[in-house]
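Novice: here's a sequence, model it:
(2 chains)
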Amino acid sequence: MNRDELYKIAQAWFQQQDWKPFKFQKDTWKAFLQGKHGLLNAPTGSGKTYALWFPIVLNYIKNNPEYKTKHKKGLKAVWITPLRALSQEIRQSAERVTADLGTQMTVGIRTGDTSTKERSRMKKQMPDLLITTPESLQLLLASKGYDKVFKDCAAIVVDEWHELLGTKRGIQMELALSRLKTVSKNLRIWGISATIGNLEQAREVLLGPTTPAFENSVMIKANLSKKITVRSIIPEKMETFPWRGHLGLHLLEYVVPIINNSKTTLLFTNTRSQCEIWFQKILEKHPEYAGEIAMHHGSINKETRNWVEQAIRNESLKAVVCTSSLDLGVDFAPVETVVQIGGPKGVARFLQRAGRSGHRPGKESVIYFLPTHAIELIEASALQKAVKQNAVEDRLPYLNSFDVLLQYLTTLAVSDGFYPDEIFREIKHTFCYQAISEDQWQWLLNFLVMGSQSLQTYDEYKKVEVEDDGKFKVNNRGIAMRHRLQIGTIVGDANLSVRYQKGGYIGSIEEFFVSKLNRGDVFTFAGRNLEFIRIKEMQVHVKKSSKKTNKVPSWMGGRLSLSAQMSELLREELYTARLDKSQQSVEIRSLSHLFERQRKESIVPSPDELLIETFRTRDGFHHMIYPFEGRFVHEAMGSLLGYRISLLSPITFSLAFNDYGFELLSDQKIDIQQVLDNNLFTTDYMLDDLQKSLNSTEMARRKFRDIAVISGMVFTGYPNKGIKMKHLQSNSQLLFDVFRDYEPDNLLFQQAFRETFEHQLEEGRLRLALERIATQEIVWKPCEKPTPFSFPLITDRMSREKLSSEKLADRIKRMVAILSRK
Amino acid sequence: MNTHALKIQTQTFTLHPSGVLFWQEKSMLLISDVHLGKVSHFRKFGAAVPQKAVQKNFDLMNEAIDFFKPLHLIFMGDLFHSAVNKEWQLFEKWTTKVEANIILVVGNHDVISPVTYEDLGIKVVSEIQMEGFLLTHHPEERDGFFNFCGHVHPSIRMVGLGRQSARLRCFFKLKNQLLLPAFGEFTGSHTLEPVEGSEVFALLGDTILPVPIKEKKRKGRYSK
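Specialist: Numbering: from 1, shown residues only, chains lettered A, B, ... in the order given. A predicted model of the protein is given here:
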């Protein structure tokens, strides 16, 4: 069959559905059938699955002309999805194509939720089309004879590539692809990505820089114009609207008419705990919604999640309170309206969420923005402009992440073993490891085999062995088993499963939260009030409770920061506070009361001013600086400034950051005049100072946590499996100290500092920000009491950073002095 | 070194900043929760904790012994973290150089057979009772005895102005009990809240720091 005949099959199918294929779909079919690789830039709900399932099936038809009667078994294509919740949906669209075209192809799913029985069945006979996650793909590479399984695989599709790019799961994908390029001779690699700032780079990372695959690839853009309308929810009485907070419950009643006026509404919250609270409160205030609203987040069990998703499709729900768990994939046509509660911290994310409504090509998407505190209204207004300008963020890919590489090498050693030369050639062609040196490679191999760089006496280190022919192999079953369990935990936190005492899985929560509970404590989880009974074998036993509680599990979600463009829009928006009302947006106008209060104590800065406020409370001396550059820049600037001040005299700071500014809190007063006289905002020696500041803060220490888990040095155990490894549990904090004291040149230890530097501190943006500050007049306002601008910062108790140039003994002495005071 | 002397009943005990406790009248040195072999155990299971950390425990024990020159050395349990591994050989060598008479009060981690210890001349017991004092691994309450114990790995959280805080390992004393800090290099600690009647002595570099207790919680005791 030639290509035209194949297209006709596809066209005929579209006609039967009364649809017309989009240009991007036809372009993708063509490129795929020509044997090209590529990246498809298409939003959710645009028909992107058909853009790729079709050519995959058509390609099979082409190679098997008797496809209607004969079935050639074996894996033909793999579809990677970052969220297992999406796999059902993808399967349905695949099955529709395979069945309607009369093939006998089979479709299967393999994720963390797949039963062992189903997995072993797959081991014997793989489905033709496999839908899986990056972790499960790694697990396949960890099983014996994987090369035979993938031999005839003709396509890998990485869905939602933008979600993986810039994460360590993305590196897992880069590595798996580098291997499969060798193993599967006829492989086409395709990515699907929503719009991000660095789409071209996304293609390069997926396919590997300067590889034949990259040379032979295309970028296809769907270019579907979609009208998005953003509406801010503005309280009638701004005077009583709080200056701080993160829940937004004050505006709950404003959401009710929105829910009532549309078929189905999704309410997006930023954290799972916020999601739990909103769900509870809506029901409490409006019991009439019982049975008509539901909740969806990543820690709720699979059955409930599936039920909710199905109920959205059936239009049997009025509203769903959810988190990013409903950001991606799944086509929910009935959703008419979306409400974003609190700042979405990212234009791309906001657009994606907005796109969940009016989920049909050509329909208008409406998204409401509900501010959780007053200053967030500035963000709401800036967001509207950002949406118009499509000011989306970049996703920064990682470089030289040795932890993921070590994990991958162990994976290969667990299955069939590997020869270093062959693998080195492969990984050199990935984006992540393009610059790895031979020395670093040798270091990693030594680390795998000896657990150090030379053989040591009294050592029994055991992991990977080198066989006589030079093959690196894991022969110890215990090590292999622990490694397989560990692959899934790329974001490392000990999770415990929550169960009723009599059985019945409810979901999973972080150990961090459970450790603070005592027997009899009641907490809210999955929309229920539960009484804590005990922890047993990685399980939290609970029973239902009718007691009221305000305890809600917190999950340490990833923190997000505004893009440079968005920060600029935010600044511009703020500066309009000085203008005449007629030139202001409705959000800024509604904040006039707050600006008035701000001016009473301090000022609202103009474009050529940098505002610094200082005041004292019973917490200590607060020093507030407002560059309006976005959280990451503030983290970097806070560390830099804190470090430079700490060089003047020994001092200890607690630092807080948000998108507007940062706080240096200390038990000592800083002389701001001295800061200005010493020109501490200079870009001179910036890089050097920033690097040194890392030693005085704990950022690298926290980064090390994930690195220790991913590289297999800390075993987190495994929820649901109930496998006890208590004798192997340590915490990464202890480990960090041991490395600092005994092996500071360890590449993994150093990686923690490098990653903090490259990913958290965004040196480039910091430099630009400091250059901008150099052109500004610094206005220092000593205040009597906290200002509206300072409020969200000084009340932040959770995500603080420490920085100190003092001896611990001196700090403790002062603490003792306070304690001794009567 | 700034030690701290403590009178309990009629006897004198010296708290040392390394976390050991010395009973003057009996010339008896108490060391708790060393967790020897832990680093090697992790390495054996494929977690590459720096092997150089192994030596530190021995160095610290030598310093403490040189300081007090005790006649008796009592390990208060969890001396060895796991089953025998190669670190045992280092321990074996080390014991030949120790002149004191060594006794192990057995703890939950001590799975190595008493016979193996006895081959090194180390006596293994479940507890020691002596002149109104009871030495155990797990905290115990027994009428008429003051209890020295380990197991808990106590530490204390200090807070200051400006949202500052720090955690320090400590000796944690109650009316009839004293919890020893974990001595081992690669061990964690468990933060305790001061309670009514408790006294806390934190380990701070080369000093023992008595921590003033401001807010006292409900009448306390510690047992597990």
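
Novice: low-confidence ranges in chain B?
Specialist: Per-residue confidence of chain B (counting by pLDDT under 70) places the weak regions at B:214-224.

Novice: and the residue nearest the centre of it?
Specialist: For chain B, the residue lying nearest the average C-alpha position, counting by CA atoms, centre = their mean, turns out to be B:Ser32 (2.4 Å).

Novice: show me the contacts for the closest residue to it other than its chain neighbours.
Specialist: Of all residues beyond its chain neighbours, the one nearest B:Ser32 is B:Gly150 (3.2 Å), with distances taken as CB to CB, 6 or more residues apart in numbering or on different chains. Backbone N, C-alpha and C define where each C-beta goes, glycine included. With contact taken as CB atoms under 8 Å, 6 or more residues apart in numbering or on different chains, B:Gly150 is in contact with B:32-33, B:76-78, B:107, B:137, B:179-180, B:182.

Novice: how near is B:Gly150 to chain A?
Specialist: With distances defined as CB to the nearest CB, to the nearest Å, the gap from B:Gly150 to chain A amounts to 18 Å.

Novice: may I have the phi/psi pair for that residue?
Specialist: Phi and psi for B:Gly150, reported as degrees, to the nearest 10, are phi -120, psi -130.

Novice: which parts of the stretch 601-750 of chain A are strands?
Specialist: Along the stretch 601-750 of chain A, counting by DSSP state E, counting those that start in this stretch, strands occupy A:609-617, A:620-626, A:652-657, A:662-666.

Novice: and these as TSV, adding mean neighbour count, distance to chain B and mean pLDDT?
Specialist: Rendered in TSV, the data for the strands of the stretch 601-750 of chain A read as follows (neighbours: other CB atoms under 10 Å in any protein chain shown; distance: least, CB to the nearest CB, whole Å; pLDDT from 0 to 100):
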stretch	mean neighbour count	distance to chain B	mean pLDDT
strand A:609-617	19	10	96
strand A:620-626	22	3	96
strand A:652-657	26	4	93
strand A:662-666	24	5	96
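
Novice: nearest to A:Asn446, out of those?
Specialist: The closest approach between A:Asn446 and any of these, judged by CB to CB, belongs to strand A:652-657 at 38.3 Å.

Novice: find the least confident helix or strand in chain A, judged by mean pLDDT.
Specialist: For chain A, counting by mean pLDDT, DSSP states H and E, helix A:511-514 ranks last in confidence among helices and strands (a mean of 62).

Novice: show the pLDDT at A:Lys721.
Specialist: Model confidence at A:Lys721, given as pLDDT, is 48.

Novice: what's the answer for A:Ser225, then?
Specialist: Here, the pLDDT recorded for A:Ser225 equals 67.

Novice: can you tell me the SS state at the residue nearest to A:Phe418 when sequence neighbours are not counted?
Specialist: In space, not counting the residues next to it along the chain, A:Phe418 is nearest to A:Leu412; the distance is 4.2 Å by CB to CB, 6+ apart. Using DSSP: H, G, I helix; E, B strand; the rest coil, the secondary structure recorded for A:Leu412 is helix.

Novice: run a quick neighbour tally on A:Leu412.
Specialist: By other CB atoms under 10 Å in any protein chain shown, 22 other residues sit near A:Leu412.

Novice: repeat for the one 3 residues further on
Specialist: Other residues near A:Ser415 come to 20 when the count uses other CB under 10 Å.

Novice: hang on, A:Ser178 packs against A:Thr430?
Specialist: Yes: in this structure, A:Ser178 sits in contact with A:Thr430. The criterion is CB atoms under 8 Å, and the distance is 5.1 Å.

Novice: which residues are common contacts for these two?
Specialist: Taking CB under 8 Å, 6+ apart as the contact rule, A:Ser178 and A:Thr430 both touch A:Gly208.

Novice: which helices and strands sit right next to the lengthiest helix in chain A?
Specialist: Using DSSP state H, we find that the single longest helix of chain A is helix A:631-648. Counting contacts by 3 or more CB pairs under 8 Å, 6 or more residues apart in numbering or on different chains; DSSP states H and E, helix A:631-648 is packed against strand A:620-626, strand A:652-657, strand A:662-666, helix A:672-677, helix A:686-696, helix A:763-774, strand A:801-804.

Novice: closest one to A:Thr323 among these?
Specialist: With respect to A:Thr323, and counting by CB to CB, the nearest of the helices and strands packed on helix A:631-648 is strand A:652-657 at 22.3 Å.

Novice: and A:Gln352, what is it in contact with?
Specialist: Residues A:43-44, A:194, A:327-328 are the ones in contact with A:Gln352 under the rule CB under 8 Å, 6+ apart.

Novice: so who does B:Thr191 touch?
Specialist: B:155-157, B:167.

Novice: among those residues, who's most crowded?
Specialist: Per-residue neighbour counts (other CB under 10 Å) across these peak at B:Ile156, which has 25 neighbours.

Novice: so the closest residue to that residue other than its chain neighbours, which of the three states?
Specialist: Spatial nearest neighbour of B:Ile156, excluding adjacent residues (CB to CB, 6+ apart): B:Cys170 at 4.6 Å. For B:Cys170, the reduced secondary structure class is strand; criterion used: three-state DSSP.

Novice: thought B:Cys170 was touching B:Val152?
Specialist: No: in this structure B:Cys170 lies outside contact range of B:Val152 using CB under 8 Å: 10.5 Å.

Novice: A:Thr210 in helix, strand or coil?
Specialist: Put simply, A:Thr210 is coil when judged by three-state DSSP.

Novice: need phi/psi at it.
Specialist: When read as degrees, to the nearest 10, the backbone of A:Thr210 gives phi 60, psi 20.

Novice: likewise for A:Leu530?
Specialist: The phi and psi values for A:Leu530, taken as degrees, to the nearest 10, are phi -120, psi 140.

Novice: what is it paired to in the beta sheet?
Specialist: A:Phe523, A:Lys544 (DSSP bridges).

Novice: tell me, how many residues neighbour it?
Specialist: Other residues near A:Leu530 number 23, with proximity taken as other CB under 10 Å.

Novice: check the one 3 residues further on too.
Specialist: Other residues within reach of A:Ile533, judged by other CB under 10 Å, total 17.
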